[in-house]
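S.K.: Below are the sequence and a predicted model for it; my questions follow.
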Amino acid sequence: MKEQIQDDAMIRIEGLHKWFGAFHALKDIDLDVARGERVVICGPSGSGKSTLIRCINRLEIHQRGRILVDGIELTDDLKRIDRVRREVGMLFQNFNLFPHLTIMENCTMAPIWVRRMPLEEARKQAMHFLERVRIPEQADKYPVQLSGGQQQRAAIARCLCMSPKIMLFDEPTSALDPEMIKEVLDVMVDLAKSGMTMLCVTHEMGFAREVADRVVFMDGGEIIEANAPDDFFRNPRSDRAKLFLSQIL
Ligand code: ADP
Ligand code: MG
């Protein structure tokens, strides 16, 4: 079932198109993300960043082109979708923790029920990742008892408990108060430096400069340019990227 491709593209997107009804949201997107590569996607609101990232774990369905994740092509086949989702952790703007479960339970539920991990092992693993995101003392609290920054770090720990090969981030700090942004970015920098393959929609250009191998700029459903961060920030090629950077930097 798995047509393993013989290269190290972790994500391969070829000629991707997506329509919402008559609206053409993604136009002929080509993008490869190599194993261990960290790619930041930026661009104005409405440019298709979330739609693109959501296509990668099939929260949105594309109509043309191909998406392969670790060699598995995304099609209607539910088994494939399930296999891709097991490899991909996704972090949204709004944390999406289960409100009725403690942080520990949030982190152990999927490993126990999806991976059949024994409870004690799942708890040990959860504690390990909660320490890594620096909130071990919050394990027995409910999400509502945590600050936004702590909730987002808990959400990262929960993803890590499923041993993802790829992490997708969709503006993970944009709903946070300014003083909490850094604590989440610090955890993301850590993760980036650990060798995780990351595709990250963010306007945190400090983060992009520090860890991104490439910055992809989107506008109007297209990739307008993609370059190393230094190059992109110092010498944006397109007028649209210049305008965008002048507005956010
Ligand atoms: P971004 O994340 O870059 O702000 P999005 O990917 O959310 O942009 O949206 C890209 C475009 O697609 C926008 O014009 C948006 O209004 C439209 N869009 C997104 N989701 C839907 C949907 N479910 N139905 C119709 N249009 C949508
Ligand atoms: Mg978005």
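M.R.: Now that the structure is in, tell me what you want to look at. Ligands and ions are numbered 1, 2, ... in the order given.
S.K.: the helices in the protein, which residues?
M.R.: For the chain, applying DSSP state H gives helices covering 49-56, 78-87, 103-113, 119-132, 148-160, 178-193, 205-211, 229-234, 239-248.
S.K.: Next, the angle from the longest one to helix 119-132.
M.R.: Between the axes of helix 178-193 and helix 119-132, defined by axes from the mean of the first three to the mean of the last three Cα atoms, to 10 degrees, the angle is 110 degrees.
S.K.: helices or strands up against helix 178-193?
M.R.: helix 148-160, strand 197-201, helix 205-211 (3 or more Cβ pairs under 8 Å, 6 or more residues apart in numbering; DSSP states H and E). Glycine gets a C-beta too; all of them are placed from N, C-alpha and C.
S.K.: do you know which of these lies nearest ligand 1?
M.R.: Among the helices and strands packed on helix 178-193, strand 197-201 comes nearest to ligand 1, with 6.6 Å by Cβ to the nearest ligand atom.
S.K.: other SSEs contacting that closest one?
M.R.: strand 9-20, strand 23-34, strand 38-42, helix 49-56, strand 166-170, helix 178-193.
S.K.: Format the helices and strands packed on helix 178-193 as CSV; extra columns: mean neighbour count.
M.R.: Output for those, formatted as CSV (neighbours: other Cβ atoms under 10 Å):
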stretch, mean neighbour count
helix 148-160, 25
strand 197-201, 24
helix 205-211, 18
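S.K.: so can I have JSON lines of the ones you listed showing mean pLDDT and distance to ligand 1?
M.R.: JSON lines is the format used below for those (pLDDT from 0 to 100; distance: least, Cβ to the nearest ligand atom, whole Å):
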{"stretch": "helix 148-160", "mean pLDDT": "96", "distance to ligand 1": "18"}
{"stretch": "strand 197-201", "mean pLDDT": "97", "distance to ligand 1": "7"}
{"stretch": "helix 205-211", "mean pLDDT": "94", "distance to ligand 1": "16"}
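S.K.: which one of the helices of the chain has the most crowded surroundings?
M.R.: Most buried of the helices of the chain, by mean neighbour count (mean count of other Cβ atoms under 10 Å): helix 148-160, with a mean of 25.
S.K.: Now do that helix: everything it contacts.
M.R.: Identification of contacts with helix 148-160 by Cβ atoms under 8 Å, 6 or more residues apart in numbering yields 89-92, 95-97, 103, 106-107, 110, 126, 129-130, 132-135, 138, 143, 146, 167, 172-173, 175-177, 179-181, 183-184, 187-188, 191.
S.K.: Up against ligand 1, what does this protein have?
M.R.: Taking Cβ under 6 Å from any ligand atom as the criterion, the chain approaches ligand 1 at residues 20, 23, 25, 43, 45-51.
S.K.: I'd like to know which of the residues you listed are buried.
M.R.: With burial judged by 16 or more other Cβ atoms under 10 Å, the buried subset of these is 25, 43, 47-51.
S.K.: Quick one: the helices and strands packed on strand 197-201 as CSV, columns for mean pLDDT too.
M.R.: Shown next, in CSV, are the helices and strands packed on strand 197-201 (pLDDT from 0 to 100):
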stretch, mean pLDDT
strand 9-20, 97
strand 23-34, 98
strand 38-42, 98
helix 49-56, 97
strand 166-170, 97
helix 178-193, 94
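S.K.: what's the most distant pair in the buried ones among the residues of the chain next to ligand 1?
M.R.: Maximum pairwise distance in these, criterion Cβ to Cβ, is 12.7 Å, between Ala25 and Gly43.
S.K.: hang on, the earlier thing: distance to Cys159 added to the helices and strands packed on strand 197-201, as JSON lines?
M.R.: Shown next, in JSON lines, are those (distance: least, Cβ to Cβ, whole Å):
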{"stretch": "strand 9-20", "distance to Cys159": "16"}
{"stretch": "strand 23-34", "distance to Cys159": "17"}
{"stretch": "strand 38-42", "distance to Cys159": "16"}
{"stretch": "helix 49-56", "distance to Cys159": "14"}
{"stretch": "strand 166-170", "distance to Cys159": "6"}
{"stretch": "helix 178-193", "distance to Cys159": "10"}
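S.K.: Good, we can wrap up now.
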